[in-house]
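Novice: have a look; sequence and predicted model below, questions after that.
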Amino acid sequence: MISPRNFAALAILTAGAMASWYLARSNRGDDADTRPFDTTQRGYYLKSARILGTGPDGALLYEIQAERAEQQDDDRVSFTEVRIDYSPQSEVPWSVNADSATLHQHEQRVLLRGHVRAVSSEGFSGNDTEIRTQYLELDPENYVAETNERVQIRIGARSLTATGMLASLKENRVELKSNVSGKFAP
């Protein structure tokens, strides 16, 4: 038989269990059912992103490949581990790589940063060409690359360094802005 002391302890434990069950059940109401709808636009992100750029006629002009693409709050998309290739139909044999890039919604230029490298096997003067800089603005629709930063250019066996550059990738033409120095092998 249960002693009055054991009965009192059992009654207290039962009351405690029922009270904790009631409190746990009443606190569940704070979940998604009672919270207001969050209208903040959070954007999107893509892993192994592939973005296609088209010309005025709708034909494929270039392709941006990135390890990650993420929409930012201010109408821009940022990319990491970026590669930009022109389509074979554009007849622009250039490929551009960078650590990161930014594309603004209302601008044509792609802003490339960190170990930017543009290469072509049919570059300037028909030689293998490589352009290296830390920052480059690329207008892919007009085939123009520009920087005001230090740039290193290798054209075949020749190499040049300068501060600032304007290059027309379609016409294989480059204009160095200042502080030009170079090494030319015979």
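Specialist: In hand now; what should we look at?
Novice: mind listing what residue 178 touches?
Specialist: 162, 163, 164 (Cβ atoms under 8 Å, 6 or more residues apart in numbering). Where C-beta positions appear, they are placed from N, C-alpha and C, glycine not excepted.
Novice: from residue 18, how far off is the last one?
Specialist: The span separating residue 164 from residue 18 equals 78 Å under the rule Cβ to Cβ, to the nearest Å.
Novice: beta partners of the residue nearest in space to the middle of the chain?
Specialist: Central residue of the chain (Cα atoms, centre = their mean): residue 79, 0.4 Å from the mean position. Assessed by DSSP bridges, residue 79 has beta-bridge partners residue 69, residue 101.
Novice: wait, it touches residue 96, no?
Specialist: No: counting by Cβ atoms under 8 Å, residue 79 does not reach residue 96; the two are 11.8 Å apart.
Novice: number of residues surrounding residue 124?
Specialist: Residue 124: 21 surrounding residues under other Cβ atoms under 10 Å.
Novice: before we move on, what about residue 12?
Specialist: Count around residue 12 with other Cβ under 10 Å applied: 10.
Novice: before we move on, the earlier item: neighbour-wise, which of residue 164 and residue 18 wins?
Specialist: Legend: neighbour count by other Cβ under 10 Å for residue 164 and residue 18, higher for residue 164 (17 against 10).
Novice: what pLDDT is listed against that one?
Specialist: For residue 164, the pLDDT comes out at 95.
Novice: offset the numbering so it begins at 23, please.
Specialist: Happy to do that; since the first residue is 23 now, the last one works out to residue 186.
Novice: please confirm that it is located within a strand.
Specialist: Yes: the assignment for residue 186 by DSSP: H, G, I helix; E, B strand; the rest coil puts it in a strand.
Novice: ok so, going back, how close does the residue nearest to the centre of the chain sit to residue 42?
Specialist: According to Cβ to Cβ, residue 101 and residue 42 sit 51 Å apart.
Novice: try residue 109
Specialist: For residue 109, the distance to residue 42 equals 66 Å [Cβ to Cβ].
Novice: same thing with residue 119?
Specialist: 60 Å.
Novice: looking at these two, which is more packed in?
Specialist: residue 119 (18 against 10).
Novice: residue 171 is in contact with residue 157, isn't it?
Specialist: Yes: contact criterion Cβ under 8 Å: residue 171 and residue 157 qualify, at 4.7 Å.
Novice: show me what contacts residue 148?
Specialist: residue 194.
Novice: what of residue 105?
Specialist: 86, 87, 88, 117, 118, 119.
Novice: beta-bridge partners for the first one, please?
Specialist: Partner residues in beta bridges with residue 86: residue 73, residue 106, with DSSP bridges as the criterion.
Novice: that one is in contact with residue 68, isn't it?
Specialist: No: using Cβ under 8 Å, residue 86 is not in contact with residue 68; the gap is 11.0 Å.
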